[in-house]
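Enquirer: Quick one: sequence and predicted model below, then my questions.
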Amino acid sequence: MSDPRPLLFGLYEQACVGNGSSAASLWTHPADDRLSATSLGYWTDQARRVEDAGMDLFFFGDVLGLYDTYRGGAETAIRHGVEIPALDPMLHIPALAAVTDRIAFGTTVSTTYEHPFAHARRFSTLDHLTGGRIGWNVVTSYLPGAAANFGLDVMAHDSRYDRADEFLEVAYALWERSWDDDAFVGDKASGVFADPAKVHRIDHVGEHFRVAGPHLVTPSPQRTPVVIQAGWSPRGREFAARHAELIFVGDSDPVAVREGLAGIRRRAEELGRDASQIRAVVGMNLVVAPTAIAVQEKIDSLQEHYAAEAQLAAYAGWGGIDFSQYADDEPLVKRSTNATQTKETRSDAPVLTAGDVRRQFSKVTAFADDRFLGTPDTVADSIGAFVEESGVDGFLLHPFLSPGSVEDFAELLVPALRERGLYGGFPQDGTFRSRLRTDRRDRLGDDHPARSGAR
């Protein structure tokens, strides 16, 4: 049996003050620097820390609207700074690439409100400027406020994925088929920049888009950025099987993760893809300290600066349910929404009341998964066990505090991971895609739908 591939470790960030992925209100902690997240220095410092720690990926999530489901408006989110101010992370990446040499960058862009022609140009630009260190997290937007910002209504969940499929079809055509590999000449003696016979229109006409082309940018190191996908609903898994190279797993139960990834990879093989090239990472909410007493002190300190209302506002937006409208003894009735969808609820699962949810949110919800809370040895052992049980290829650190969470990861956890052979070994050079693939190629494999008809 071959040795397992080295694990990928990255940092999950959002270009905002209240990072809702762990606890949106922890910017109030005295050890947190997120109030300076509108400054360039904050981000270049973070990027250097990530690279110095030997991590592999600096990833940005993003939103296009306020969380305005809870209590029928955005007041709670604004008061607590829930995922605001939402700066544009694409503008951060060239600056961060300029102060780093190795780490890859991933950023979230929605197919619901963007246009594929402008989008393809931006990502080709980023791929050139980073030397091929860029990936695109493909999302479909769900916030009502985001739709209103573009003068639209929220699209139905599965319809958003239909639009995303066509969006990718257009982007792939621009990236992979508009310019032949030898179209760019750049010959000073002849004065020929590019061979016009090898630059092509795409003339796409579809349900959502009409794009003539050709692409405005010469082929970049990867051509198509690494395709990242985070949907864990049935429609999201189908989308991942068709397109994704790196999956952000939407579950924390290792058995469910293994089963979900196996299903995605089976479907990918049915679609003619090499499923072994599909990688997967899972989120990690880390609290680590040298002793159990010190761990508990850190947990208590974080809890002291946690605002349950802030996290309720975030979760209400993600799930599309306004918990404030329910009395404590009222059951939360499962209903179809156009918000995020993850896994199917088991038929024998207990019915939760609004009071259950409020009690759950009275503590930092990320503490509920305690496998990443503990001493370095305890957490490192948990990470090794999780990899064995789930089959994931890596982890994204969701910081509670900045820069403290990255510092604790680097100074406390990394040595314990190295002792167990769980850290290091992930390729340090080349394009982002070449590091993910077993064949180390920069371009997508011929089995990927983007390569259909590629020149």
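Expert: Structure's in. What do you need?
Enquirer: Just give me the neighbour total for L8.
Expert: Other residues lying near L8 total 22 when counted by other CB atoms under 10 Å. In short, each C-beta sits where N, CA and C put it, glycine included.
Enquirer: wait, isn't it in contact with D56?
Expert: Yes - at 4.9 Å, L8 counts as touching D56 under the criterion of CB atoms under 8 Å.
Enquirer: Give me the common contacts of the two.
Expert: Listed as contacting both L8 and D56 by CB atoms under 8 Å, 6 or more residues apart in numbering are 394, 426.
Enquirer: Pull up the per-residue confidence for V257.
Expert: Listed pLDDT for V257 reads 96.
Enquirer: Tell me who's in contact with it.
Expert: Contacts here follow CB under 8 Å, 6+ apart; on that basis V257 touches 249, 251, 280, 282, 390-392.
Enquirer: and of the residues you listed, the nearest to D447?
Expert: A280 (17.9 Å; CB to CB).
Enquirer: Can you classify the closest one by secondary structure?
Expert: Judged by DSSP: H, G, I helix; E, B strand; the rest coil, the three-state class of A280 is strand.
Enquirer: give me the number of residues near it?
Expert: 22.
Enquirer: do you know how far the closest residue to it other than its chain neighbours is from V295?
Expert: Using CB to CB, 6 or more residues apart in numbering and skipping residues adjacent in sequence, the residue nearest A280 is I247, 4.4 Å away. Using CB to CB, to the nearest Å, I247 is found at 30 Å from V295.
Enquirer: of those two, who's got more company?
Expert: Between I247 and V295, counted using other CB under 10 Å, the more crowded position is I247 (28 against 18).
Enquirer: right, and the helix or strand after the helix-or-strand element of the chain with minimal mean pLDDT?
Expert: Least confident helix or strand, the chain: helix 144-149 with a mean of 86, by mean pLDDT, DSSP states H and E. Downstream of helix 144-149, the first helix or strand assigned by DSSP states H and E is helix 157-172.
Enquirer: What is the three-state secondary structure of I247?
Expert: Assigned with three-state DSSP, I247 falls in the strand class.
Enquirer: Could you check how far it is from N137?
Expert: Distance from I247 to N137, by CB to CB: 10 Å.
Enquirer: who touches both of those two?
Expert: Shared contacts of I247 and N137, defined by CB under 8 Å, 6+ apart, are found at 228-230.
Enquirer: Out of those residues, which is nearest to C16?
Expert: Looking across the shared contacts of I247 and N137 and measuring by CB to CB, the closest to C16 is A230, at 17.6 Å.
Enquirer: Any idea how many residues pack against that closest one?
Expert: A230: 21 neighbours (other CB under 10 Å).
Enquirer: How about the contacts made by it?
Expert: 137, 139, 236, 247-248, 250.
Enquirer: Just list the residues touching E13, thanks.
Expert: By CB under 8 Å, 6+ apart, the neighbours of E13 are 19, 46, 58-61, 89, 399.
Enquirer: mind redoing it with 10 Å?
Expert: 19, 21, 37, 43, 46-47, 50, 58-62, 89, 92, 106-107, 396-399, 402, 406 (CB atoms under 10 Å, 6 or more residues apart in numbering).
Enquirer: Next: L35.
Expert: Going by CB under 10 Å, 6+ apart, the list of residues near L35 reads 17, 27-28, 42, 81.
Enquirer: Helices of the stretch 201-350 of the chain, residue ranges please.
Expert: Listed in chain order, the helices of the stretch 201-350 of the chain (DSSP state H, counting those that start in this stretch) span 234-243, 254-270, 292-304, 308-319.
Enquirer: Kindly reformat these as CSV containing distance to D187.
Expert: Formatted as CSV, the helices of the stretch 201-350 of the chain follow (distance: least, CB to CB, whole Å):
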stretch, distance to D187
helix 234-243, 37
helix 254-270, 42
helix 292-304, 60
helix 308-319, 53
